[in-house]
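Colleague: let's see this in three dimensions:
(chains A, B and C)
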Amino acid sequence: MQSRRWFGGAGLSFADDPVTETLSQAIRGTGEELDREPDARVLFGSLRGSVVGLRYYTGVVNKGEMVSLVRQPQNPYDRNAVMVANVYGSQVGHIKRELAALLANIMDNNLARVEGVVPFGVKNQFTMSVVLSFWGREENRDAVVRQIASRSFKLQTGPTGTHTSVHQDIENYDYLRLGCRITPFPPLSLLQLKNAFDNLFENLMEDKIGEREAVEAVCTPLLPHQKQALSWMCVCENNAALPPFWEDKGGLFYNTLTHSSVRERPQRVRGGILADDMGLGKTLTTIALILSNFHHGKPLCEPVKAASSQSTDDPAARATLIICPLSVLSNWLDQLDQHVRADVKLNVYLYYGSERNRDTHFLSSQHVVLTTYNVLSADYSGSASPLHTVSWLRVVLDEGHIIRNPNAQQSKAVLKLNTQRRWILTGTPIQNNLRDLWMLVAFLRLKPFDMREWWNRVIQRPVTQGDKTGLQNLQALVKCVTLRRTKTSRVCGRPLVSLPKRSVRIEEVELTQKEREEYELARTEGRTTISRYVAEGTVLRNYADVLAILVRLRQFCCHPDLLGKTTTHTGVVAVTPAELRERLIVKLKLVLGTGSDEECAVCLDSVRLPVITHCAHVYCRPCIAEVIRSEQEQARCPLCRGQIKASELVEFPLEEEEEEESNLLENWRSSSKVEALMSSLLRLRSEDDSIRSLVVSQFTRFLTILEIPLREEGFKFVRLDGTMSQKRRAQVIQEFQGDAPGCPLIMLLSLKAGGVGINLSAASRVFLMDPQRTTVCVQKQDLVEKAFGTKNPSERKTSRVDEIRALMEL
DNA sequence: ACCGCCGGGTGCC
DNA sequence: ACCGCCGGGTGCC
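Modeller: Below you'll find the model as predicted:
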């Protein structure tokens, strides 16, 4: 009887029963095995077995229901025992002894994953059938087949087995047997899959429209799309609807994907994923949610009487815990300060630093507790974690993609938090893998997918194997819990964020006679070179050269000194190492345009400490050094796959750079474009001295040139370019956005690299000094295509060459 | 009858 | 379990 308490009777209430806790952990454990073995994707076959001992357990199963198989090596009656549990973790029975011996062998040696589906409705109370399918790595197939045969079981392969009389429809049979369709349709192509994946989060807005005003306590008026988000979030928190794929079947709750039924209502998801693009106001919306939707949909506190609500006798959870990366902690404090009316006394506690107050009563009595992922996981690894003791009303994960790795301590810590409502704020819900999404689903406790096994069997594997139904299910699931808008999203035909009407003016600047002559000289030279490449069919081989010529022409249009003095070089085959080096430095200079904000293909950020390879591609020195270090002798250029060596990296001679820099400023001269800009800025200032302007160029050196006349005319300006640290960038933006008198009116901006979204709503004028043209776009698109292999090479080649010929009028 | 047969008790691992 | 198995009761037809 003692032992029965341990192995029997499992599966009623999940939360506080130590037996079921062990059970769910056991199930979770098997899921993680699969995760560690991502190759367990090949189906070896299936066989029919029986589950016994049903009458000892409460778990019920339906026709077609998926069940999980859990080894019980500690079972006192049989160390080979294999337990059968339904989707909800309730034990159903055991695998019959002889079959259990076989499964134990296969499972313990990690030869295959074994999954169960119950093919018929259960008629009797003692035993039932189960179809076991075996999934694993190809190299283990033989061993598994042998094991099964040696114990006189028959492994069935292929869908046309002996049971088709029972299930007329082979396709349906497969579904019942395995819980997924084995490609009755041709599998989705990689491209289809990728597109579907990219579109997962698009168009998640239907049915969610409806606006809700924030309570008075929020002093910043919400934009329409923020009111929509608030409305959606309130609905998510308040409604009692079943999670997706669950149906109420009169007393039982039925899951349409796993075909399981449970007596207790599946826990509702009170929360979701707010995945709006950066800059759409996720923070403000969340603050509005905290204040607007307290208990029973009532506001948290009315403006006047809020301060006194230190209600220790109220057992209901009231505090919202916000977890964010350290870098945005201060942003939360600022925004709480900025958006909450000054006369509203919101108790906000910053749970951070060694002196933090760990008293759980204190923490529970706050309205908002702010902390970081690091603090959370540091606490969690200790003994009694205060944050895990408090019963929260709401937990908000800011930059929620941070917890996408389920093995990380902070992810584990986050899953263990005790809260009624759960929110994930993220701008990038999926980085590149479906697995990233699991953690988010698990955090939301989206039953039954918070257990890896069901996520893997029902969603992840079907989707990665190209099963259309799997993809549809994934889409439906994501849609239920996610709101995502991008800056280009539209609702009811209106743009999400309506900006003042943008007007674009192209001002053509006439070059002076002298400038024109220099430009024409360079152009003729460039055309000669490129037409030779075209004739030889070597455009692509000399692509860096070609781009450099084009960059150079654009530089001439800005300012003749942008490039600095260089020797013309084209066409001479390098003979000596010194000559080669010289040529590479010239190329480096050309590619970088001595100060264009170039992007490193390794880190995708602005190039720092630039070096050029012998194949003429430019990277950050640390980035490419790491590539070479890790690939050793086989190291290849990430862009062209040409061989590269550490000894052959050429860097820009520092003295020369500095010399050119000071040269540039000492012998400063103007240019037509500089004059045009200055006269516009001066005219603007005389009309309205509060208008702020952004001056954008990809050539940082051009920005340097522009600093001189700006200072001369007494303009206050700031500068932002790719070489600056994140911290410095934030400072500069802050300074520019400020509205104190004497704030800079002009920002010199060069930000080609890094995918850094910056919100520069302060500027009402933007001067694009050297608008990006098609070649750059072509180049980038090319990188994307290379990465995904979406376009055939010859197609790519022609379009690129044609582009260049058109540009050079060849 | 140191068998066969009958029918009640019983039953996961 | 409308089974199989076990073990006690029973014993020509």
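Colleague: ok now stretch A:51-62, how far from the chain's centre?
Modeller: 42 Å (C-alpha atoms, centre = their mean, to the nearest Å).
Colleague: please spell out which residue in chain A sits farthest from the middle.
Modeller: Relative to the mean C-alpha coordinate of chain A, counting by C-alpha atoms, centre = their mean, the farthest residue is residue A:513 (51.8 Å).
Colleague: how close does that residue sit to residue A:521?
Modeller: Going from residue A:513 to residue A:521 by C-beta to C-beta, to the nearest Å gives 13 Å. To be clear about C-beta, it is placed using only N, CA and C from the backbone, and glycine gets the same treatment.
Colleague: buried ones in the helix ranked longest in chain A?
Modeller: As assigned by DSSP state H, the longest helix anywhere in chain A is helix A:513-536. Residues of helix A:513-536 classed as buried: A:515, A:519, A:522-523, A:526, A:529-530, A:533-534 (neighbour count, 16 or more other C-beta atoms under 10 Å).
Colleague: so which helix or strand takes in residue A:51?
Modeller: Assessed by DSSP states H and E, residue A:51 sits inside strand A:42-52.
Colleague: what's the following helix or strand after that strand?
Modeller: strand A:66-71.
Colleague: doesn't residue A:380 lie inside a strand?
Modeller: No. Under DSSP: H, G, I helix; E, B strand; the rest coil, residue A:380 falls outside any strand and is assigned helix.
Colleague: which residues does it contact?
Modeller: A:387-388, A:409, A:412-413, A:416 (C-beta atoms under 8 Å, 6 or more residues apart in numbering).
Colleague: pick out the residue of chain A closest to DNA strand B.
Modeller: residue A:53 (2.4 Å; C-beta to the nearest atom of the strand).
Colleague: could you count how many residues lie near that residue?
Modeller: By other C-beta atoms under 10 Å, the residues close to residue A:53 number 18.
Colleague: tell me which residues touch it, please.
Modeller: A:93-94, A:126.
Colleague: hmm, who's touching stretch A:601-618?
Modeller: A:544-545, A:580, A:584-585, A:587-588, A:591-592, A:597-600, A:619-624, A:626-627, A:637-640, A:642, A:644, A:648-652, A:721-723, A:752-755, A:783.
Colleague: that should have said stretch A:646-666, apologies.
Modeller: Taking C-beta under 8 Å, 6+ apart as the rule, stretch A:646-666 contacts A:561, A:564-565, A:581, A:584-585, A:588-589, A:592, A:594, A:609-614, A:621, A:624-625, A:628-629, A:701, A:704-705, A:708.
Colleague: mark which of the residues you listed are buried, thanks.
Modeller: A:561, A:564, A:581, A:584-585, A:588-589, A:592, A:594, A:610-614, A:621, A:624-625, A:628, A:701, A:704-705.
Colleague: helices - which of these land there?
Modeller: Per DSSP H, these map to helices at A:581, A:584-585, A:588-589, A:592, A:621, A:624-625, A:628, A:701, A:704-705.
Colleague: lowest pLDDT pick from those?
Modeller: Minimum pLDDT across these is recorded for residue A:592, with 65.
Colleague: which among the contacts of stretch A:601-618 end up buried?
Modeller: So, by 16+ other C-beta under 10 Å, the buried ones in those are A:544-545, A:584-585, A:587-588, A:591-592, A:597-600, A:619-621, A:623-624, A:627, A:637-640, A:644, A:648-650, A:652, A:721-722, A:752-754.
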